[in-house]
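*Asks:* Next come a sequence and a model predicted from it.
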Amino acid sequence: MTNLNSKIPQGPVATKWSSYKDHIALVNPSNKRKLDIIVVGTGLAGASAAASLGALGFKVKAFCYQDSPRRAHSIAAQGGINASKNYQNDGDSVYRLFYDTIKGGDYRAREGNVYRLAEVSGNIIDQSVALGVPFAREYGGLLDNRSFGGAQVSRTFYARGQTGQQLLLGAYSALSRQVSLGNVESFTRHEMLELVLIDGRARGIIARNLVTGETERHSAHAVVLATGGYGNVFFLSTNAMGSNTTALWKAYKKGAFFANPCFTQIHPTCIPVHGEFQSKLTLMSESLRNDGRIWVPKRKEDVDALRKNKMKPKDIAEENRDYYLERRYPAFGNLVPRDVASRAAKERCDAGFGVGETGLAVYLDFAESIKRLGRNVIEERYGNLFQMYQKIVDENPYENPMMIYPAVHYTMGGLWVDYELMSTVSGLFVAGEANFSDHGANRLGASALMQGLADGYFVLPYTIQNYLADQINVPRFSTDLPEFAEAEKQVKANISKLFDIKGTKPVDYFHRQLGKIMWEYVGMARNKAGLEKAIQLIREVKAAFWKDVKITGENNEVNPELEKAGRVADFIELGELLAMDALNREESCGGHFREEYQTPEGEALRNDDEFMYVAAWEFQGEGKEPKLNKEPLEYEAIEVKQRNYK
Amino acid sequence: MDFTLKIWRQKNAKAKGKFVTYKVKGISDSSSFLEMLDVFNDQQVTKGEDPVVFDHDCREGICGACSLYINGRPHGPDDSVTTCQLHMRRFKDGDTIVIEPWRSAAFPVIRDLMIDRQAFDKIIQAGGFISVNTGGIPDANAILIPKQNADASMDAAACIGCGACVAACKNASAMLFVAAKVSHLALLPQGRAEASARVQAMVAKMDELGFGNCTNTGACEAECPKDISIENIARMNREFLGAKIGSQKKTVKAGGF
Ligand SMILES: Cc1cc2nc3c(=O)[nH]c(=O)nc-3n(C[C@H](O)[C@H](O)[C@H](O)COP(=O)(O)OP(=O)(O)OC[C@H]3O[C@@H](n4cnc5c(N)ncnc54)[C@H](O)[C@@H]3O)c2cc1C
Ligand code: FES
């Protein structure tokens, strides 16, 4: 049953995608109208996919849990989007973006997919500009670029500090146009709670209408999941409050393999945690590292004085500051990849040099750039971020350095997909952050927006067509089929089961507990004993949840507590799988750092001989250990090396 | 900090709503307004009572999901922030805080503080786009866009679609929202081709959906969390008049496909 054929086209890496496109089967326009596609999620990946598939003539249904497609979590992305346009004439190319992405991912991503990503990256910028995305411009009217972590060229396009917002509004406008043309039907405030299979193929979903509480059956010839990442398994993360893993988890239980769940990204520049009541963490875009310098005091006495408020950071003399990234990584300095920057911050704080009330913070200092460029330039570049910081922390970052600390931000893992972005369930496609495909063990900044839009605008329109080409005679599916009835019954039973617990504690209580375990034992640094303990503790949380959670209200009404309960139940199970995956991977790579496996300088130490594979977990039934399947990774175009940012 | 909360409670769209007074205790001054409501809801659930329902998601002022009329102002007492960015240090210990949903015929209440803003999606569907399909697009740098145009377009495009402008307006007009989208696209060369059809279609849809007229009170601009300027309304009026004179009959819809 195990089928891990990645379907990478033959031939040199640079021609794989064009040769794929040249040979796929197509569906003619009149037949497209007879084929239905469900797209769950309206973030960059989902909105661009739904709009593009609708424009091709397919009948699309687009789902999101928010009140409008425009509110998907992609809206929050700040810093920018990469593309290998080489507009700056600084040596960029498709190959270099491909190379940087593979290297940044610590040689745990597939060459074929990543090359394609780099290849279509330029088209994304063209498409977005045509849709009216107001990217930053130079005075001459050409597009402006900035540089981002893990790269030595300036290939990042941006729209102030609101790049995700502008890209999403572009995709949303294209989606809205397809809605007005009747090609896409939009279902907002709907949550997918089950995947429906007919004869082993994905043919529909069960969704709960979040306003009325009704469960609805929706059928289609193919289903796309573009439901985003699962960072909220850590409770506190930079993700939106509603970001969840439910759609992925239901699909996993229906046979879609979950790949590399332990590859999670901890972002180095977030506002530090400040209290028990806190509901989420706020990211300060990585673009700040372009002009901000990261440091902590060199001397313990200065740390003490700062904590006791006897001293201000600007009182610390230059020679008593430790610009530890510039010190450790002279070639990349403050622009090392995220995983490296995060661990370096943790290392300094663990060694007792952290600042702020809790000692879990480092400085991100703009004094020098403000002196060099002027306050107005810094304000133009990062004004909204500075304002956001000031609102939250109540301190003026133009005058005092920002305090930052790493936080959970992105999940490289996700459902396993082949080159066509199809999961191990036939007809179930997965796009954007929800799939595992392109970032290996660590994602470079500004590459998630690129990947989401690549998947939606430029990959799925080809690959889904190839899948559907032999199904033009398959009539629309009736939702009266027993498969739909059975799936709906399951969903309803699960909801009743949650209500019937009638325990004593709110859902958030359990989510917080899970988050604490995940952060402590499965966070920035992991080890065997800790992971084993985490698995044990997560099982205890699961048992306690199903015994003691309390959900008020009823099913047939707006009920956010019920929504959260369903999501947290799935997060708990995913948390266990994540820890198991981390335990299995006895090496350090990218965002996955096992303390047992490091170089004498404290850098991640890969074990290519044994772990150069994608770990794809297969559900075996409730209460049973999942099965590990391995997809070996092969590198032909790139020589595998130890990552070095010195 | 301790507060008295007067919250609008309404079981569903059809039910009659009313204010209910509650106490909430032990709130940290660095917590956000929505985190204060989280603590309140935790209390409610623990007591076995219905938590108050409100929309929210990103909690960093960008998704536009959060709303709330707080002490008579959309998004509360601070300028240029959304409710999720409002912090309790802004209030005094012991304050009474009145919390209501947006009030507008075009935004019916769904439950408690949660409202239905689908009307905004419908206005965008009527023409808030540039009619291009995916692919076959010339190089992005083939169109030169003067920096000041791109910047002005970006200023308008920063709208988060929260609806505070409608909530602030005594006529419940959606002019600022519509004007922001019209300006964003009209200021860019690639948006010019359909500019006149777009403005007509969007304005017609806005009227049809029951939003009120604009009488230039400026309340929308004052309450906009993203500081969208009412200059956009003037620009839209010019576009609209120009469009009428030019009387381009074709609708945007017909321009697609
Ligand atoms: C604060 C922040 C800043 C970032 N900045 C950058 C950046 O500068 N550059 C960059 O490249 N990347 C950035 N990222 C990462 C990037 O934004 C995301 O990875 C990307 O936007 C994800 O897009 P997506 O389309 O896959 O999913 P999302 O945008 O998360 O969309 C998920 C969609 O799925 C829907 N959904 C989820 N579950 C269900 C369900 N069960 N039923 C129905 N619908 C469901 C949601 O309603 C939503 O529409 C940032 C991320 C964060 C958190
Ligand atoms: S919750 Fe997103 S803007 Fe407030």
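*Replies:* Cool, the structure landed. Ligands and ions are numbered 1, 2, ... in the order given.
*Asks:* so where's the stretch 101-250 of chain A shaky on pLDDT?
*Replies:* A:150 (pLDDT under 70).
*Asks:* do the same with chain B
*Replies:* B:246-257.
*Asks:* before we move on, what about chain A?
*Replies:* A:1-3, A:150.
*Asks:* Domain boundaries for it, per the record?
*Replies:* Chain A breaks down by automatic domain parsing into domains covering A:13-263+A:412-471, A:269-408, A:482-607.
*Asks:* now these as JSON lines including mean neighbour count?
*Replies:* No exception for glycine: its C-beta is placed from N, CA and C like everyone else's. Output for the domains of chain A, formatted as JSON lines (neighbours: other CB atoms under 10 Å in any protein chain shown):
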{"stretch": "domain A:13-263+A:412-471", "mean neighbour count": "24"}
{"stretch": "domain A:269-408", "mean neighbour count": "19"}
{"stretch": "domain A:482-607", "mean neighbour count": "19"}
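*Asks:* Tell me which of the ones you listed lies nearest to chain B.
*Replies:* domain A:13-263+A:412-471 (3.4 Å; CB to the nearest CB).
*Asks:* Span of that closest one from start to end?
*Replies:* From its first residue to its last, domain A:13-263+A:412-471 covers 30 Å (CA to CA, to the nearest Å).
*Asks:* so how far is it off the chain centroid?
*Replies:* 11 Å (CA atoms, centre = their mean, to the nearest Å).
*Asks:* what's the answer for stretch A:305-316, then?
*Replies:* Averaging C-alpha positions (CA atoms, centre = their mean) puts stretch A:305-316 37 Å from its chain's average.
*Asks:* ok, now stretch A:570-585?
*Replies:* Stretch A:570-585 sits 17 Å away from the centroid of its parent chain (CA atoms, centre = their mean).
*Asks:* Quick one: check that stretch for contact with ligand 1.
*Replies:* No. Stretch A:570-585 stays clear of ligand 1 (CB under 6 Å from any ligand atom), getting no nearer than 9.3 Å.
*Asks:* And for that stretch, what's in contact with it?
*Replies:* A:230, A:232-233, A:244-246, A:248-250, A:258, A:260-262, A:264, A:413, A:510-511, A:514, A:517-518, A:521-522, A:526, A:528, A:531-532, A:534-535, A:538-539, A:541-542, A:545, A:592, A:594, A:611, A:615, A:617, A:626, A:628 (CB atoms under 8 Å, 6 or more residues apart in numbering or on different chains).
*Asks:* Which strand or helix spans residue 39?
*Replies:* You didn't say which chain, so I picked chain A. Using DSSP states H and E, residue A:39 falls within strand A:36-40.
*Asks:* Wait, chain B was what I had in mind.
*Replies:* Here residue B:39 is assigned to helix B:33-47, by DSSP H and E.
*Asks:* which strands and helices sit next to the next helix or strand along the chain from that helix?
*Replies:* Note on helix B:33-47: by DSSP H and E, the next helix or strand toward the C-terminus is strand B:69-70. Applying 3 or more CB pairs under 8 Å, 6 or more residues apart in numbering or on different chains; DSSP states H and E, we find strand B:69-70 packed against strand B:96-100.
*Asks:* how far is whatever helix or strand comes next after the strand it packs on from where the chain is centred?
*Replies:* Elements were assigned by DSSP H and E; along the chain past strand B:96-100, the next helix or strand is strand B:109-111. Distance of strand B:109-111 from the chain centroid (CA atoms, centre = their mean) equals 16 Å.
*Asks:* Repeat that for stretch A:598-616.
*Replies:* Per CA atoms, centre = their mean, the centroid offset for stretch A:598-616 relative to its chain is 22 Å.
*Asks:* next one: stretch A:520-533
*Replies:* The answer for stretch A:520-533 is 21 Å, by CA atoms, centre = their mean.
*Asks:* Reformat the domains of chain A as a markdown table; add distance to residue B:9.
*Replies:* Shown next, in a markdown table, are the domains of chain A (distance: least, CB to CB, whole Å):
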| stretch | distance to residue B:9 |
| --- | --- |
| domain A:13-263+A:412-471 | 17 |
| domain A:269-408 | 22 |
| domain A:482-607 | 12 |
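*Asks:* tell me the contacts of whichever residue of the stretch 51-200 of chain A sits closest to ligand 2?
*Replies:* For the stretch 51-200 of chain A, the residue positioned closest to ligand 2 under CB to the nearest ligand atom is residue A:71, at a distance of 7.3 Å. Applying CB under 8 Å, 6+ apart to residue A:71 gives the contacts A:64, B:57, B:58, B:63, B:64, B:65.
*Asks:* Name the nearest residue to it, sequence neighbours excluded.
*Replies:* With sequence-adjacent residues excluded and distances taken as CB to CB, 6 or more residues apart in numbering or on different chains, residue A:71 is closest to residue B:63, at 4.4 Å.
*Asks:* didn't that neighbour look like it was pressed against residue B:83?
*Replies:* No. The criterion here is CB atoms under 8 Å, and residue B:63 misses it with residue B:83 at 11.8 Å.
*Asks:* I figured residue A:333 hits residue A:326, correct?
*Replies:* Yes. Contact criterion CB under 8 Å: residue A:333 and residue A:326 qualify, at 4.5 Å.
*Asks:* hmm, the strand holding residue A:39 in reach of ligand 1?
*Replies:* Yes. Looking at strand A:36-40 against ligand 1 by CB under 6 Å from any ligand atom, the contacts come from residue A:40.
*Asks:* Which strands and helices lie in contact with the helix or strand following that strand?
*Replies:* Heading C-terminal from strand A:36-40, the first helix or strand you meet, by DSSP H and E, is helix A:44-56. When contacts are defined as 3+ CB pairs under 8 Å, 6+ apart, helix A:44-56 packs onto strand A:36-40, strand A:59-63, helix A:163-180, strand A:184-187, helix A:448-453, helix A:460-468.
*Asks:* now those in JSON lines, with distance to residue A:486?
*Replies:* Compiled in JSON lines, the helices and strands packed on helix A:44-56 are given as follows (distance: least, CB to CB, whole Å):
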{"stretch": "strand A:36-40", "distance to residue A:486": "18"}
{"stretch": "strand A:59-63", "distance to residue A:486": "21"}
{"stretch": "helix A:163-180", "distance to residue A:486": "31"}
{"stretch": "strand A:184-187", "distance to residue A:486": "22"}
{"stretch": "helix A:448-453", "distance to residue A:486": "33"}
{"stretch": "helix A:460-468", "distance to residue A:486": "24"}
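*Asks:* Spell out which residues of the stretch 451-600 of chain A are next to ligand 1.
*Replies:* Close to ligand 1, as judged by CB under 6 Å from any ligand atom, the stretch 451-600 of chain A has residues residue A:452.
*Asks:* what's the answer for the stretch 101-250 of chain B, then?
*Replies:* Counting by CB under 6 Å from any ligand atom, no residue of the stretch 101-250 of chain B is near ligand 1.
*Asks:* State the helix or strand in which the residue in the stretch 101-250 of chain B that ligand 2 sits nearest to lies.
*Replies:* Closest residue of the stretch 101-250 of chain B to ligand 2, CB to the nearest ligand atom: residue B:160 (6.1 Å). For residue B:160, there is no enclosing helix or strand under DSSP H and E.
*Asks:* That's all I had, so thanks and see you.
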